[in-house]
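>>> Turn this into a structure:
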Amino acid sequence: MLTERQLRRLDRLVRGREPQEHGFAQYRWSVALVRDLIEREFSIRYESIPNVRRILRETGLFPTYGWGRVMSRRAHDRWERDGRPVPW
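Got it, this is the predicted structure:
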């Protein structure tokens, strides 16, 4: 399980960045790709995609097709203010 600190780091690694910046060949984020990033950065392996999807919801990074929308402005403001994941 990722800690609060790791969740904030994951947010910084993904939000506003492309997978190529982390050495991946893909052009768009997917849940499976985030799972691979988590394993690489934190040495934690999630076998279940739904578990990774839950993490993305908790951090406000829940993907849509092509990772087009990430977090509402209001949720982002709460994240910045409180420094904690915002429930989706």
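>>> could you pull out the helices for this protein?
Secondary structure of the chain (DSSP state H): helices located at 4-14, 31-42, 49-59, 73-82.
>>> Quick check: buried residues in the first one?
Using 16 or more other Cβ atoms under 10 Å as the test for burial, helix 4-14 gives 7, 8, 10, 11, 13, 14. C-betas here are computed from N, CA, C, even on glycine.
>>> Including distance to residue 49 and pLDDT, could those go into TSV?
Listed next are those as TSV, based on distance: Cβ to Cβ, whole Å; pLDDT from 0 to 100:
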residue	distance to residue 49	pLDDT
7	18	92
8	22	92
10	16	93
11	19	90
13	18	93
14	16	90
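>>> so where's the protein uncertain?
Low-confidence segments of the chain (pLDDT under 70): 63-88.
>>> Apply 50 and report the result again.
Segments of the chain classed as low confidence (criterion: pLDDT under 50) are 64-70, 86-88.
>>> List the residues that contact residue 35.
Listed by Cβ atoms under 8 Å, 6 or more residues apart in numbering, the contact set of residue 35 reads 45, 46, 49, 52.
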